[in-house]
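Peer 1: Got a predicted model here, sequence first, then my questions.
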Amino acid sequence: MCNTYKVKPFSTTQFWYIALSFGVHFFMAFIGIIASTVTRKRVSADAITIFLLGFFYIIGLIARIYEKYAYLKNLTPFGVFDPADIIKTESFNNLALILVFILYIAGILFSVVYYERKDIYA
């Protein structure tokens, strides 16, 4: 569909790379699942998740602005799945996406096991 209505040359490979950068969302969902499983109150889980979202975003922002701290982009999903880098380098970090999916599945399994062992009625 994109090739039908294109105005400029369009790279479907880059399109799919950018579409696959939703790994950021899976990583933040992983953090949200773990935080909501471990904490007792929803407000605490929300606060932890929002804090870590902001923390990782700021770390990724610092890595993009200052070349001195470019190594920090590998520590945050906002740096690993940066659309500007994907377009500039025309490459995608498949290993990072696989790692994020593994973390997400591990978080789900951890929450299931945690709740099966937890005495909710107590």
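Peer 2: Okay, I see it.

Peer 1: Excluding covalently adjacent residues, which one is nearest to the spatially most central residue of the chain?
Peer 2: Nearest residue to the geometric centre of the chain (C-alpha atoms, centre = their mean): V24, 2.0 Å. Of all residues beyond its chain neighbours, the one nearest V24 is P77 (4.5 Å), with distances taken as C-beta to C-beta, 6 or more residues apart in numbering. Yep, even glycine has a C-beta here, placed from its N, CA and C like the rest.

Peer 1: residues near the one you found, how many?
Peer 2: Residues contacting P77 under the criterion other C-beta atoms under 10 Å number 24.

Peer 1: just checking, it touches F30?
Peer 2: No: look at P77 against F30 with C-beta atoms under 8 Å: they stay out of range, at 9.7 Å.

Peer 1: Following element in sequence after whichever strand or helix holds M28, please.
Peer 2: Taking DSSP states H and E as the definition, M28 sits inside helix 23-38. For helix 23-38, the following helix or strand on the C-terminal side (DSSP H and E) is helix 42-65.

Peer 1: Report all helices and strands that that next one contacts.
Peer 2: Helices and strands touching helix 42-65, by 3 or more C-beta pairs under 8 Å, 6 or more residues apart in numbering; DSSP states H and E, are helix 23-38, helix 77-80.
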